[in-house]
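Student: pasting a predicted model and its sequence here:
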Amino acid sequence: ETQIQLFSSQKNYPQAIEWGLKILAQLGLRIPANPSKLQLLGALAKTKLLLSSRSIETLLQLPLMQNPQTIAAMRILDLLSYPAYDYSKSLLSWMAFVGVERSVAEGNSIWSARAYSLYSVVLANVRDFAGSYQMGQLALRLFDLLPNLAIEAKVKFDAAFFSQPCRQPLRDSLPLHQAAIQAAFASGDLLYGGKAYYGDCAVRMHLGEPLDELLVLAETYRQAIVVTQDRSSIFLMEILYQLILKLQRPDLNPHHLLDSEATDLQTMAELARDRGTLDLSVFYAYKQYLAYIFADIPTALKYADLYVPFEHENSAPFSSIQLAYIEALIRLAAYPDSLPKQQQQLLARVTQIQKTFARRAKLAPFNLQVKSDLIAAERCRVLGEHSQAIELYDRSIAGAMSDSDLQQAAFSNELAAKFYLGWGKEKIAAVYLQEAYYCFARWGAIAKTEDLKNRYPQLLAPILQPQQPEFNPLSTLTSIIDTSN
């Protein structure tokens, strides 16, 4: 155990994994270092079949594991999840399958909750969100029955970031993120402490929490996360912090995530060469978001295209929803200025996203409906279906306000304003644009309000020009008399 922990702390993940697999072989568990895709599909099918006839209650009531060798192996599997998380997702999946199979065969141990939480992440990766939610809930309940501080942060982070949002409102995951942070630093599990810091802040960003409060939180997490020495978590927290700054503070080049396009390009090259694809995919995602929100559609489309090959890296349900949502809006914004063949491709991709949303909505409509309505409204706009677009824009706005999501309400109002402006109905457009301005301002996106003022000075003039006081001779005369007295 000490050797695995030492290699892991030095970020020497190949050595940690090699050492761990040797120990597992001595304990009777032979695990392939690099399982093939075919092997993984077979193991996944076998695990699903194993669990198909067993209810959650049945799994919770299994006897305690007695074999000391298997218990020790379960502990090693947990230790290896640290290096495997960043080094080999295929190995991580295989370890989840083995942990579940041993728990079902020999009973539950204090490490079994970790096996089920890992399995919930695997199911989220393959887009089995119903199964992911079920396994995540099993892991949480089993942890309550057999508590183990060494795995608490991992179990709660996996539930908060991956499984629980599959079927519950995203906001409900915040207490679990906080619990994961506390457990991580109580147990010294710094890797998952860093992941929980980033996860908590990213969820709050998606929920549209006020940016001024979020910036303070991000700055706090940004400083605290350094002690984890986890490059991925530190990097993700840094670029999320920079994203918030770009929204809050006007910038001559707002779609540069870092200080310049040259720095962004250098960072992307380094990520592609030296690091995992998760960090690169998130960088692309934030770049496309900034370019879109500041109306640089060609740049947004470029990064949307770069992101697509990596979309499965973002298997967290809330993250994959948000990124697909922004991508759909980008492609619809690019549609009017595209050639016919490209328009077909753009709409085909949007259709694919809408079908995914429809499937996901069966499990968690409360996390999807507002976004689905806005995508549908934008699709109706580009296809000239005005009456349907009107209803869908208003539904999206009403839903966002009901959820107190200022970010979403601002987006929906701005796009409705552009729709009416393109239709030649400037007075109606002004009403929606002014509401968008207010929503962005209340959210704290000062850079965006400045952008709107520069783009639409006439439409925003009624709310930006200082009001001239009305001259009332009677009140003026009364004031003079009072002053004289």
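Tutor: Done, it's in. A quick note: this is a predicted structure, and the numbers were derived from the prediction, not measured. Numbers count the residues shown, from 1 in each chain.
Student: do you know the pLDDT at the residue lying closest to A196 once chain neighbours are set aside?
Tutor: Setting aside the residues directly before and after it, A196 is nearest to A180 in space (C-beta to C-beta, 6 or more residues apart in numbering), at 4.0 Å. Every residue, glycine included, has its C-beta placed from N, CA and C. Looking at A180, its pLDDT stands at 95.
Student: how far away is A180 from E152?
Tutor: Computed as C-beta to C-beta, to the nearest Å, the A180 to E152 distance reads 8 Å.
Student: so who does the residue nearest to A196 touch?
Tutor: Contact analysis of A180 by C-beta atoms under 8 Å, 6 or more residues apart in numbering lists 152-153, 156-157, 160, 192-193, 196, 199.
Student: let's go with 7 Å and repeat that
Tutor: Contact partners of A180, counting by C-beta atoms under 7 Å, 6 or more residues apart in numbering, are 153, 156-157, 160, 192, 196.
Student: OK, contacts around the nearest residue to N67 once chain neighbours are set aside?
Tutor: Nearest in space to N67, with sequence neighbours left out and distances taken as C-beta to C-beta, 6+ apart, is E106 at 5.8 Å. Each residue near E106 by C-beta under 7 Å, 6+ apart is listed here: 65, 67, 70.
Student: what is the strand or helix carrying A139 packed up against?
Tutor: Assigned by DSSP states H and E, A139 belongs to helix 129-145. Using 3 or more C-beta pairs under 7 Å, 6 or more residues apart in numbering; DSSP states H and E, the elements in contact with helix 129-145 are helix 56-60, helix 112-125, helix 149-158.
Student: give me the angle between that helix and helix 149-158.
Tutor: 150 degrees (axes from the mean of the first three to the mean of the last three C-alpha atoms, to 10 degrees).
Student: return the distance of the nearest residue to L306 once chain neighbours are set aside relative to L138.
Tutor: Among residues not flanking L306 along the chain, Y284 sits closest, at 5.0 Å (C-beta to C-beta, 6+ apart). Between Y284 and L138 the computed distance is 34 Å (C-beta to C-beta).
Student: for A262, same thing?
Tutor: 49 Å.
Student: now swap in S232 and tell me
Tutor: 27 Å.
Student: which helix runs longest in this structure?
Tutor: If you go by DSSP state H, the chain has its longest helix at helix 340-361.
Student: mind listing what's buried along it?
Tutor: Going by neighbour count (16 or more other C-beta atoms under 10 Å), the buried part of helix 340-361 is 343, 346-347, 349-350, 353, 356-357, 360.
Student: pLDDT weak spots in this structure?
Tutor: The chain contains residues with pLDDT under 70 at 9, 274-276, 466-485.
Student: which one of the contacts of E106 sits closest to W443?
Tutor: M65 (50.1 Å; C-beta to C-beta).
Student: wait, doesn't the closest one sit right on A73?
Tutor: No - using C-beta atoms under 7 Å, M65 is not in contact with A73, being 10.3 Å away.
Student: that older thread, between S232 and L138, tell me which one has more neighbours.
Tutor: Legend: neighbour count by other C-beta atoms under 10 Å for S232 and L138, higher for L138 (24 against 19).
Student: list the contacts of the more buried one.
Tutor: 56, 59, 116.
Student: what number of residues are in the vicinity of the last one?
Tutor: Using other C-beta under 10 Å as the criterion, Y116 is surrounded by 29 other residues.
Student: surely it is in contact with A139?
Tutor: Yes - in this structure, Y116 is within contact of A139 by C-beta under 7 Å, at 4.1 Å.
Student: quick one: the helices in the stretch 251-400 of the chain?
Tutor: Ranges of helices within the stretch 251-400 of the chain are 261-274, 277-293, 297-307, 317-334, 340-361, 369-382, 386-402, based on DSSP state H, counting those that start in this stretch.
Student: output these in JSON lines, with distance to Y87 appended to each entry.
Tutor: As requested, those are exported to JSON lines (distance: least, C-beta to C-beta, whole Å):
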{"stretch": "helix 261-274", "distance to Y87": "13"}
{"stretch": "helix 277-293", "distance to Y87": "12"}
{"stretch": "helix 297-307", "distance to Y87": "23"}
{"stretch": "helix 317-334", "distance to Y87": "21"}
{"stretch": "helix 340-361", "distance to Y87": "29"}
{"stretch": "helix 369-382", "distance to Y87": "34"}
{"stretch": "helix 386-402", "distance to Y87": "40"}
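Student: between those helices, which gets nearest to S93?
Tutor: Each of those has some distance to S93 by C-beta to C-beta; the shortest is helix 277-293, at 15.1 Å.
Student: which of the residues in the closest one are classified as buried?
Tutor: Quick answer for helix 277-293 (16+ other C-beta under 10 Å): 278-293.
Student: so what secondary structure elements neighbour it?
Tutor: helix 231-248, helix 261-274, helix 297-307, helix 317-334.
Student: pick the most deeply packed of those.
Tutor: helix 317-334 (a mean of 23; mean count of other C-beta atoms under 10 Å).
Student: between that one and helix 112-125, how many degrees?
Tutor: Using the same axes, to 10 degrees: helix 317-334 against helix 112-125 is 10 degrees.
Student: ramachandran angles for the closest residue to Q242 other than its chain neighbours?
Tutor: Once flanking residues are discounted, Q242 sits nearest to L257: 5.7 Å by C-beta to C-beta, 6+ apart. Dihedral pair for L257: phi -70, psi -40, per degrees, to the nearest 10.
Student: right, and the helix or strand after the helix or strand hosting S8?
Tutor: S8 is part of helix 2-9 when elements are defined by DSSP H and E. Next in sequence after helix 2-9, counting helices and strands by DSSP H and E, comes helix 13-26.
Student: for A84, which non-adjacent residue is closest in space?
Tutor: Nearest to A84 is L92, by C-beta to C-beta, 6+ apart, at 4.2 Å.
Student: now that neighbour: phi and psi?
Tutor: phi -60, psi -40.
Student: just L64 next, same as before
Tutor: Dihedral pair for L64: phi -70, psi 140, per degrees, to the nearest 10.
Student: ok, now how distant is it from A159?
Tutor: As judged by C-beta to C-beta, L64 and A159 stand 23 Å apart.
Student: between those two, which one's more packed in?
Tutor: When L64 and A159 are compared for neighbours, A159 comes out ahead with 27 against 12, by other C-beta under 10 Å.
Student: that one touches L140, doesn't it?
Tutor: Yes - contact criterion C-beta under 7 Å: A159 and L140 qualify, at 5.5 Å.
Student: the residue nearest to A196 and L191, how far apart?
Tutor: For A180 relative to L191 (C-beta to C-beta), the value is 11 Å.
Student: swap in S320?
Tutor: Taking C-beta to C-beta, one finds S320 at 22 Å from L191.
Student: return the residues in contact with L280.
Tutor: L280 sits in contact with 268, 271-272, 310, where contact means C-beta under 7 Å, 6+ apart.
Student: starting at the chain centroid, how far to stretch 147-158?
Tutor: 21 Å (C-alpha atoms, centre = their mean, to the nearest Å).
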